[in-house]
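Trainee: just coords:
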């Protein structure tokens with residue numbers, strides 16, 4: 001029997017925070033030792049009083065799982081690198097500059113960062129790379145995504161992962177081949193660059209579609225998530241995986257071992 005992993009969850013009142021608390025309670029490999037929020041919460045959750053992000057909050061944890069906002073993630077990483085704690089990041093919406101700060105921290109501590117923790121989406125990204133590599137440049141591309149109306153950032157972290165898959169397949173840098181970013185459009189055009197369309201409606205957990213068109217044929221790859229537990233279970237799989245790892249920046253691809 002493996003010793004239980006001490007887990008800290010940040011943003012414990014958020015959608016994913018609450019889902020992580022629920023999933024970790026049902027998982028025998030973890031012991032929840034700490035919950036944090038960006039404001040004072042005057043009630044206990046699973047017998048734990050949430051606190052702010054401090055050294056004290058994280059000192060008992062082996063791993064911190066963070067699904068918050070970029071500003072909070074960087075605050076958490078600063079403390080984690082000082083305490084030498086491992087971190088799993090599911091937060092999205094980082095700028096290029098923030099991505100570089102995360103890279104710097106990963107020289108000191110193991111960090112696993114994924115725009116999406118689901119097995120299916122990570123497989124979809126892998127297939128996107130293969131399709132992009134296999135289809136020549138007369139195929140134009142676009143990425144479509146739908147999320148619930150409360151999701152703030154667009155395109156979603158997952159849509160950007162898929163965009164990166166297209167770019168990698170063509171040996172290009174995503175930031176150089178990003179096309180237009182549309183919001184709530186009924187339809188949107190293909191482009192030599194990668195166009196994105198994001199819809200925000202209802203309580204959709206996540207739909208993503210990558211399309212390649214030559215004008216004579218279209219190849220589409222898509223994925224739909226029906227249950228948020230997908231992401232929390234993926235995050236716990238990642239947290240368990242990162243326990244034995246050296247400092248570095250890892251992704252779900254490393255965990256799932258796609259070639």
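Mentor: That came in fine, so what should we check first? Everything quoted here is computed from the prediction, not taken from an experiment. Numbering: from 1, shown residues only.
Trainee: helices or strands next to the longest helix along the chain in the packing?
Mentor: Once the chain is assigned using DSSP state H, the helix that runs over the most residues is helix 119-134. Counting contacts by 3 or more CB pairs under 8 Å, 6 or more residues apart in numbering; DSSP states H and E, the secondary-structure elements packed against helix 119-134 are helix 157-169, strand 206-213, strand 218-225, helix 229-242, helix 252-256. All C-beta spots, glycine's among them, are computed from the backbone N, C-alpha and C.
Trainee: possible to save the ones you listed as CSV with mean pLDDT?
Mentor: CSV is the format used below for the helices and strands packed on helix 119-134 (pLDDT from 0 to 100):
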stretch, mean pLDDT
helix 157-169, 94
strand 206-213, 97
strand 218-225, 97
helix 229-242, 95
helix 252-256, 91
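Trainee: Please identify the most buried of these.
Mentor: The highest average neighbour count among those, using mean count of other CB atoms under 10 Å, belongs to helix 157-169 at a mean of 24.
Trainee: Now do the domain split for the protein, please.
Mentor: For the chain, the domain assignment from automatic domain parsing gives the residue ranges 5-113+228-256, 119-225.
Trainee: Could you please name the strands the helix or strand encompassing residue 6 pairs with and the direction of each pair?
Mentor: Secondary-structure assignment from DSSP states H and E places residue 6 in strand 5-9. Using DSSP bridges, the neighbouring strands of strand 5-9 in the sheet come out as strand 30-35 (parallel), strand 63-66 (parallel).
Trainee: quick one on the thing from earlier: after the longest helix of the chain, next one along is what?
Mentor: Read in the C-terminal direction, the helix or strand following helix 119-134 is strand 140-147, with elements assigned using DSSP H and E.
Trainee: now for that next one, which elements pack on it?
Mentor: helix 157-169, strand 194-200, strand 206-213.
Trainee: So what touches it?
Mentor: Residues outside strand 140-147 that contact it (CB atoms under 8 Å, 6 or more residues apart in numbering): 132, 154-156, 158-159, 162-163, 166, 179, 188-192, 194-201, 204-214.
Trainee: Please consider this matter closed, and thank you.
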